[in-house]
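Undergrad: Show me how the following folds:
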Amino acid sequence: MPANPSCPSRRTRARPQQQNTVTAMPENNLKVVRIVATVAILILSCVVGLIWLVQHKESKLPAMAGIGGRFALVDHHGKSVTERDYLGKPTLIFFGFTNCPDVCPTTLFELTARLKELGPDADQLNVVFVTVDPERDTPQQLALYLSSFDARITGLSGTPENVSAAMTAYRVYARRVPLEGDGYTMDHTATIYMMNSKGQFTGLMNYQEPETTARAKLRRLIDLGSK
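TA: Below you'll find the model as predicted:
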């Protein structure tokens, strides 16, 4: 008789074991599903990233367009030039004026430093300074002004009409601001335009941009010109 009560207790203990075995299988399956889903997402992300890189590398240009175009100006050596004279190399173009109190000399000194850092690779770039004040900035005045900076920087001037056309092509803003007496200064866009070797816009360098950012942009521009 004592054996009879023990039978139900054995059956009672066995049932939870069966239930544990049954519930463990879905949990394991769920873990497997999660792992597979995670791996699939990672693979998909890698594929999407590779596609973007390939497309970006092939296009080499950002979505922005419409900056740059034809111009006919005179360099600080007195030579007539057009935009075609600067094809074949990437180009940095900065618009300013020689009587600028701070932005222009600061930008040109920074460009001088960047060109020195690049060493021989700097010869793979055109660097152009276009005046927004052609009435005062003659080729002779530009030559005198640019003698304080890297010799690879070229100054461009021209008639007011031709300078205005170049500013329009590059979407440059400039406005004469009267000073006391008969003097004036110029309020203008303080941005460097980055053009590839085909004369197409690729990006901007901003006034007093962090050095590491400026270096990376210049290196990328040079790399684009070598392809």
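
Undergrad: Let me see the contact set for residue 214.
TA: Residues counted as contacts of residue 214 (C-beta atoms under 8 Å, 6 or more residues apart in numbering) are 110, 114, 205. C-beta: built from backbone N, CA, C; applies to glycine.

Undergrad: same check, this time on residue 185
TA: 99, 100, 101, 176, 177, 179.

Undergrad: For PyMOL, write a command that selects the buried ones of those.
TA: Restricted to buried positions by 16 or more other C-beta atoms under 10 Å, the PyMOL selection for the contacts of residue 185 reads:
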select buried, resi 99+100
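
Undergrad: how would you label residue 85: helix, strand or coil?
TA: Counting by DSSP: H, G, I helix; E, B strand; the rest coil, the backbone at residue 85 sits in helix.

Undergrad: What about it, how many residues nearby?
TA: Close neighbours of residue 85, defined as other C-beta atoms under 10 Å, add up to 14.

Undergrad: cool, the one 3 residues further on as well?
TA: By other C-beta under 10 Å, 13 other residues sit near residue 88.

Undergrad: ok, so what distance separates it from residue 217?
TA: According to C-beta to C-beta, to the nearest Å, residue 88 stands 20 Å off from residue 217.

Undergrad: gap between residue 110 and residue 176?
TA: In this view, residue 110 and residue 176 are 26 Å apart by C-beta to C-beta.

Undergrad: try residue 132
TA: For residue 132 relative to residue 176 (C-beta to C-beta), the value is 9 Å.

Undergrad: so where is this protein shaky, pLDDT-wise?
TA: 1-65, 226-227 (pLDDT under 70).

Undergrad: Walking through it, point out its strands one by one.
TA: In the chain, the strands defined using DSSP state E lie at 72-75, 80-82, 91-96, 126-131, 153-157, 174-178, 184-188, 191-195, 201-206.

Undergrad: Of all pairs in the contacts of residue 185, which one spans the longest distance?
TA: 101 and 176 (14.9 Å; C-beta to C-beta).

Undergrad: Now for the residue nearest to residue 145 when sequence neighbours are not counted, how many residues are close by?
TA: Once flanking residues are discounted, residue 145 sits nearest to residue 98: 4.1 Å by C-beta to C-beta, 6 or more residues apart in numbering. If you count neighbours by other C-beta under 10 Å, residue 98 ends up with 19.

Undergrad: what's the spacing between residue 98 and residue 175?
TA: Going from residue 98 to residue 175 by C-beta to C-beta gives 17 Å.

Undergrad: And the most centrally placed residue in the chain, how close does it get to residue 217?
TA: For the chain, the residue nearest the mean C-alpha position is residue 203 (4.6 Å; C-alpha atoms, centre = their mean). From residue 203 over to residue 217 the distance is 6 Å, taken as C-beta to C-beta.
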